[in-house]
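Participant: how would this look folded up:
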Amino acid sequence: METYSIRLVPENTSQTFEKGTLLLDALMEMGIMLKTPCGGRGTCGKCSVKVHGSLSEPTDQEKKFLINRTEYRLACQASITGDVEVFIDRAYSIKSKQYPMVNSKGLFSIAVDIGTTSVKISIVDHSSNRSYKLDDFLNPQRKFGYDVITRIAAAADPKKHQIMIRQIRNILSLSISEACNEMSISHNQIEAISFSGNTTMLYLLFGIDVQPLGKYPYTAERLDFNNFSAADIDAKKFFNSKILALPAASSFLGSDFMGGLAICHERDLTKNVYFIDLGTNGEMFLINSNKKIFATSCAIGPALEGMNISCGMTADTGAITHAWIESGSLQYQMIGTGRPAGITGTAVIDIISILLKKNIIQVNGTFIKNHSHITLPSPLYFSYNSGIKQVTLWNNLALTQKDIRNVQLAKAASLAASRILLREAVCSEKEIKYVVISGAFGEHLEIDNFKRLEFIPNFPNAEYHYFGNTSLEAAQRVCLDKNFLKKVKQLRERINEVELSQKNEFNNEFINAINFN
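Facilitator: Reported below is the predicted structural model:
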């Protein structure tokens with residue numbers, strides 16, 4: 001295999017890579033973390049870098065963003081075909097991040113939530129028992145697939161398996177080390193590094209074989225992650241730090257799920273509770289009137305995180321987070337200023353709900369065929385992409401028929417799983433008093449539009465609570481409460497897992513839940 005050199009300017013460091021390596025992946029290997037809120041599809045333009053050298057021909061996506069910028073390329077689109085120089089000031093990039101002000105003389109711990117789509121890191125200050133955000137970025141393993149099943153399949157190739165392990169370890173060590181250096185905290189001051197995440201992500205961190213997780217009977221050979229050292233995860237700079245992790249419940253109910261269950265109990269939500277984490281893996285539990293816990297998970301996919309939406313992106317600068325009708329026009333709320341770069345999952349739900357209400361989208365999810373008598377809200381208009389109808393929104397952003405279908409698949413899986421969970425728990429929708437929505441998605445959610453699309457049952461008597469990232473919060477609690485892990489394991493013993501793969505009625509429920517109402 002031909003190899004070529006990438007040299008970073010001005011720091012004059014270089015490394016060799018195989019021909020065809022994506023520039024984004026190569027830079028990450030060299031410790032350069034570029035923003036890719038669109039998931040590397042080239043739709044946001046955030047990863048543009050100045051380069052000299054031999055790269056693949058510019059894609060159509062690049063041409064849209066790099067007009068009159070011939071020296072620049074999108075790192076997520078360009079592959080190396082020869083030696084390359086990349087102009088990046090690493091020191092400037094690090095200093096541009098906002099780190100919290102803490103007493104640098106104290107003791108700290110690090111909490112990490114490894115999600116299928118994104119990774120979030122916080123620092124726990126033991127002198128004040130407070131935690132602060134350090135970093136968040138897209139999981140670099142997404143190049144091997146947007147969900148756990150595709151990553152497990154990719155890991156069947158030993159080379160790809162090792163790449164995924166190395167990617168997550170390298171990027172975590174780099175991010176934490178950079179933060180410590182900028183905050184004048186020595187590595188010796190980090191007492192512990194605590195992890196949470198779904199079972200597959202933790203297996204890939206700790207170097208455990210993921211293949212049994214993806215094959216019937218989907219056996220998790222290990223649910224507890226004790227006795228790992230910093231050296232075991234290639235974090236040798238933190239040799240004094242304890243490595244901790246929340247336990248998993250099963251192959252598809254990970255430690256992130258267990259963290260949500262534990263946080264609910266800490267907040268005294270222990271009866272008539274429905275909980276859902278609307279990440280790539282839809283994990284949910286229900287606690288009935290007898291305080292029995294029933295839990296399941298379903299493959300929601302990354303639509304709600306923007307990853308398989310054509311113009312989707314995570315909540316970053318340029319992302320539209322909300323949409324609504326005002327004076328006949330479709331208005332939007334966006335992070336930052338300037339031109340919109342993409343649409344988050346919450347905005348997609350808003351837009352679909354509005355178009356349903358105006359009969360522009362039919363209940364089966366298709367655009368209305370004869371739209372000559374329909375007046376679209378300004379500035380929307382119908383257009384075609386490869387012969388397929390779509391609605392163009394703002395700044396050439398569009399909602400496609402495939403986008404709507406991806407949202408339908410997500411909502412059908414979520415609703416069908418919830419209905420089966422209710423039956424298994426012998427619980428009616430009316431009995432639920434508390435609905436807890438976890439994850440960053442819930443923080444921006446317009447609940448009426450969410451209900452309109454029926455991601456979950458009606459729950460007419462419930463209060464709705466948004467707990468944010470309970471996975472990361474639980475990882476922080478591990479650092480602050482020595483008994484927290486024990487409490488989590490005790491809760492695990494009470495779980496009645498509902499395996500949807502064993503439920504013949506799931507397919508019927510799924511089909512019945514596809515249409516909008």
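Participant: where does the stretch 201-350 of the chain have low pLDDT?
Facilitator: Within the stretch 201-350 of the chain, the ranges that satisfy pLDDT under 70 run 302, 306.
Participant: Do a quick rundown of the strands in it.
Facilitator: 242-245, 273-278, 281-287, 293-299, 319-326, 329-334, 342-343 (DSSP state E, counting those that start in this stretch).
Participant: what pLDDT does Pro100 get?
Facilitator: At Pro100, the model reports a pLDDT of 91.
Participant: can you redo the strands of the stretch 201-350 of the chain as CSV with mean neighbour count and distance to Ser122?
Facilitator: To be clear about C-beta, it is placed using only N, CA and C from the backbone, and glycine gets the same treatment. Shown next, in CSV, are the strands of the stretch 201-350 of the chain (neighbours: other CB atoms under 10 Å; distance: least, CB to CB, whole Å):
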stretch, mean neighbour count, distance to Ser122
strand 242-245, 20, 14
strand 273-278, 25, 18
strand 281-287, 26, 21
strand 293-299, 23, 25
strand 319-326, 19, 21
strand 329-334, 16, 26
strand 342-343, 29, 25
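Participant: Now do the helices in this structure.
Facilitator: Along the chain, counting by DSSP state H, helices occupy 23-29, 60-65, 90-95, 148-154, 158-182, 199-206, 255-266, 345-357, 401-424, 440-443, 447-452, 470-480, 484-492, 505-512.
Participant: closest to His52 out of these?
Facilitator: For those, the distance to His52 is smallest for helix 23-29, at 12.5 Å, taking CB to CB.
Participant: what does the closest one contact?
Facilitator: Helix 23-29 is contacted by residues 6, 15, 17, 34, 36, 40, 47, 49, 51, 55, 73, 75-76, 78-80, 84, 86, 88, 140, 143, 167, 170-171 when judged by CB atoms under 8 Å, 6 or more residues apart in numbering.
Participant: Buried members of those residues into PyMOL, please.
Facilitator: The PyMOL command for the buried members of the contacts of helix 23-29 (criterion: 16 or more other CB atoms under 10 Å) is given here:
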select buried, resi 6+17+34+36+40+47+49+51+55+73+75+76+78+79+80+84+86+88+140+143+167+170+171
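Participant: and stretch 314-327, how far from the chain's centre?
Facilitator: With CA atoms, centre = their mean, to the nearest Å as the basis, stretch 314-327 stands 18 Å off its chain's centre.
Participant: For the residue nearest the centre of the chain, which non-adjacent residue is spatially closest?
Facilitator: Central residue of the chain (CA atoms, centre = their mean): Thr117, 3.1 Å from the mean position. Of all residues not flanking Thr117 in the chain, Glu305 sits nearest, at 4.6 Å (CB to CB, 6 or more residues apart in numbering).
Participant: ok so, going back, residue contacts, the residue nearest to the centre of the chain?
Facilitator: Thr117 makes contact with Gly39, Leu138, Asn139, Arg142, Tyr146, Gly279, Thr280, Pro302, Glu305, Met307, Thr314, according to CB under 8 Å, 6+ apart.
Participant: Out of those residues, flag the one nearest to Ile193.
Facilitator: Asn139 (17.2 Å).
Participant: For Asp256, which non-adjacent residue is closest in space?
Facilitator: Nearest non-adjacent residue to Asp256 (CB to CB, 6+ apart): Ser471, at 3.6 Å.
Participant: thought the one you found was touching Gly259?
Facilitator: Yes. If you go by CB atoms under 8 Å, Ser471 and Gly259 touch, sitting 4.8 Å apart.
Participant: quick one: which of these two has more around it?
Facilitator: Ser471 (32 against 29; other CB atoms under 10 Å).
Participant: Pull up the per-residue confidence for the more buried one.
Facilitator: So Ser471 comes in at 96 (pLDDT).
Participant: quick one on the thing from earlier: turn the strands of the stretch 201-350 of the chain into TSV, columns for distance to Ser229.
Facilitator: Formatted as TSV, the strands of the stretch 201-350 of the chain follow (distance: least, CB to CB, whole Å):
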stretch	distance to Ser229
strand 242-245	6
strand 273-278	29
strand 281-287	28
strand 293-299	30
strand 319-326	38
strand 329-334	44
strand 342-343	40
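Participant: hang on, the earlier thing: mind checking the helices of the chain for the one nearest to Arg130?
Facilitator: Among the helices of the chain, the nearest to Arg130 by CB to CB is helix 470-480 (9.4 Å).
Participant: Alpha carbons of the closest one, in CSV - could you do that?
Facilitator: Taking C-alpha atoms only, helix 470-480 is exported to CSV below (Å, rounded to 0.1, in the frame of the first residue of the first chain):
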residue,chain,number,x,y,z
THR,A,470,-28.2,11.6,32.7
SER,A,471,-25.4,9.3,31.4
LEU,A,472,-22.8,12.1,32.0
GLU,A,473,-24.4,13.1,35.3
ALA,A,474,-24.2,9.6,36.5
ALA,A,475,-20.5,9.4,35.6
GLN,A,476,-20.0,12.5,37.7
ARG,A,477,-21.9,11.0,40.6
VAL,A,478,-19.5,8.0,40.5
CYS,A,479,-16.7,10.5,41.2
LEU,A,480,-18.5,12.2,44.1
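Participant: for it, packing partners?
Facilitator: strand 108-114, strand 118-125, strand 190-197, helix 255-266, helix 484-492 (3 or more CB pairs under 8 Å, 6 or more residues apart in numbering; DSSP states H and E).
Participant: Would you mark the buried spots in that helix?
Facilitator: Thr470, Ser471, Leu472, Glu473, Ala474, Ala475, Gln476, Arg477, Val478, Cys479, Leu480.
Participant: quick one: contacts of that helix?
Facilitator: By CB under 8 Å, 6+ apart, helix 470-480 touches 109-113, 115, 120, 122, 124, 126, 129, 131, 191-192, 194-197, 244, 246, 255-256, 258-260, 262-264, 266, 277, 438-439, 467, 484-485, 488.
Participant: Would you mind getting the angle between it and strand 281-287?
Facilitator: In terms of direction (axes from the mean of the first three to the mean of the last three CA atoms, to 10 degrees), helix 470-480 departs from strand 281-287 by 70 degrees.
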